[in-house]
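Trainee: here is a sequence with its predicted model. Questions after.
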Amino acid sequence: MMEKRPLVWLSAANSNNCVRKQLEANWNLIDFNLDEPVPLFTQVADGARVGVLEFPSLSRDNMPWPESWLEMLDLNYWVAIASQQPVSGTRAARLIVRYCSDFHTLPVDYQRLNTVLGHLWGMATILEPAGSLVNDDYKNLALVGDSPSIQHVRNLLRRFSATREPVLISGESSTGKEAAARFLHSHSARAAGPLVIINCAALPTTLTQSELFGYEKGAFTSALNSHQGRLEQANGGSVVFSGINELQLEQQSAILRFLQESQVERVGGSAQIPVDCRVIATTSEPLVDLIELGRFRSDVYFRLGSLEVKLPALKDRREDIPVLARLLLEARCQGAEPKKLSKGASQSLLNHSWPGNLQELQNRLRQGWLLCDRPVIEASDLGLSQPTPGSDPASNLSLKEFRAQADRQALRCSLKLANNNMSEAARLLNISRVSLYRLMDKYDPRPHDRNTRQRPQRKGGIK
């Protein structure tokens, strides 16, 4: 007999038992209650790809809205069930359009619903990447932990999500800045609206105006139709300037007026188009330092920095490492035989300096999973040395030397993982290619069959 497939069922307490009982013949139902507070993290059964969102009565004033649940569960497809057809333009209608692939009203045609769920399951299976090695599981776990520093971050995010003010999220690369931005959006009153993420490092200077503000038909040779910019697309929701520290001064000038007036003017147009969106910015470098260096405009900073959340580096929240490592290993299992860390491996994780933060933690655990043929992963499988009693790798380093060592290790690790592909290495470090080259110039890594432009070989190098 074929094993039942898992099906997530998200509903209020008064669930439609008739439909559920019919579906239970072919599906293993996993229940979540809309009336309960949304947990920061929860384990969904391995292989869960589709879910049913059952709306309570759309006329209820105190109706629980499921956006935060949907963001947290993060399935491939959702199918909505409601007691009536939602009115066009209402929050319910926008939510269904954004999150759901199909919609049913009561009474539900069970055969049709079961067919739709089976079809979506098959599509999710076809589109699913081979293995979980391509997934950034750490982004879903970035805010998990009981350390005082990450609890403080969560408290700030909850407070700030209730406001409409811009929020600046700062922290080293791979500390979970994007996860924090998504948390702000999904827990805000704008959760049903769009979330538009702008990768500032990949935004060409020459295309800033047309990409952000859009353009009118005929504005330039290839403008065959009018086009909404990224900011206009975020109307009613949130826009995230990811890596705003990577913007050039002229690009910062372009967004200043939008930050001041919440209006955009398309290229080739003259109309001022109002845009109502929540602005969130992330940075891996302190903007105050960049202002002193003349690389960032103070007026832009003051528009962004009224509310700031600083994410701690992994080395500053070491007490969270055991639970993060366990959850990352569980996410890697995906139905395979589970593996766990030895005491020595666990201690080596606590002793490590973590220059690559959560991304490096995930990469080392992936390496250990692949290299270890045993049920217990050792420190050597992770590429870490076996700890000795009382050892501390940073005990004899000055702060300057510690930072230099961390930068060197992050650079070596990213180049190795990317097979010396510069663009890929920059993406792994969450920095621009320009920043990567500056780091290479500082530490003189030797070129080894790079897939991109060659840089002059210099004396010395990383040893």
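Mentor: Now that the structure is in, tell me what you want to look at. Quick caveat, the model's predicted, so the values are computed rather than measured. Residues are numbered from 1 along each chain as shown.
Trainee: tally up the residues packed near the closest residue to residue 268 other than its chain neighbours, please.
Mentor: Excluding its sequence neighbours, the residue lying closest to residue 268 (C-beta to C-beta, 6 or more residues apart in numbering) is residue 219, at 2.6 Å. Where you see a C-beta, it was placed from the backbone N, CA and C, and this is true even at glycine. By other C-beta atoms under 10 Å, the residues close to residue 219 number 17.
Trainee: wait, a helix at residue 219?
Mentor: No: looking at residue 219 with DSSP: H, G, I helix; E, B strand; the rest coil, it is coil, so not inside a helix.
Trainee: ok, it to residue 112 distance?
Mentor: 46 Å (C-beta to C-beta, to the nearest Å).
Trainee: for the closest residue to residue 262 other than its chain neighbours, give me its contacts.
Mentor: Nearest residue to residue 262 in three dimensions, chain neighbours excluded: residue 275, at 5.7 Å (C-beta to C-beta, 6+ apart). The neighbours of residue 275, taking C-beta atoms under 8 Å, 6 or more residues apart in numbering as the test, are 231-232, 234-235, 258, 262-264.
Trainee: how about 10 Å then?
Mentor: Residues in contact with residue 275, defined by C-beta atoms under 10 Å, 6 or more residues apart in numbering, are 213, 229, 231-236, 239, 258, 261-264.
Trainee: just give me the closest of these to residue 412.
Mentor: Among these, residue 239 lies closest to residue 412 (C-beta to C-beta), at 35.1 Å.
Trainee: name the element the closest one belongs to?
Mentor: Using DSSP states H and E, residue 239 maps to strand 238-242.
Trainee: C-terminal to that strand, what's the next element?
Mentor: Downstream of strand 238-242 (by DSSP H and E), the next one is helix 249-261.
Trainee: now the angle from that next one to strand 238-242?
Mentor: Angle of helix 249-261 versus strand 238-242, following axes from the mean of the first three to the mean of the last three C-alpha atoms, to 10 degrees, is 160 degrees.
Trainee: the residue nearest to residue 284 when sequence neighbours are not counted in helix, strand or coil?
Mentor: Spatially, and ignoring its direct neighbours in sequence, residue 284 is nearest to residue 173 (5.2 Å; C-beta to C-beta, 6+ apart). Of the three states, residue 173 takes coil under three-state DSSP.
Trainee: about what we covered before: tabulate the contacts of residue 275 in a markdown table, adding columns for secondary structure.
Mentor: Output for the contacts of residue 275, formatted as a markdown table (three-state DSSP):
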| residue | secondary structure |
| --- | --- |
| 213 | helix |
| 229 | coil |
| 231 | helix |
| 232 | helix |
| 233 | helix |
| 234 | coil |
| 235 | coil |
| 236 | coil |
| 239 | strand |
| 258 | helix |
| 261 | helix |
| 262 | coil |
| 263 | strand |
| 264 | strand |
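Trainee: could you flag which of those are buried?
Mentor: For those, a burial check counting by 16 or more other C-beta atoms under 10 Å picks out 213, 229, 231-232, 234-235, 239, 258, 264.
Trainee: return the closest of these with respect to residue 279.
Mentor: residue 239 (5.9 Å).
Trainee: report the contact partners of the closest one.
Mentor: 166, 181, 185, 194-198, 212, 230-233, 258, 275, 277-281.
Trainee: sort the buried ones among the contacts of residue 275 by pLDDT and name the bottom one.
Mentor: In terms of pLDDT, the lowest of the buried ones among the contacts of residue 275 is residue 229, showing 88.
Trainee: residues contacting that one?
Mentor: Contacts of residue 229 (C-beta under 10 Å, 6+ apart): 196, 198, 208-215, 258, 264-267, 273, 275.
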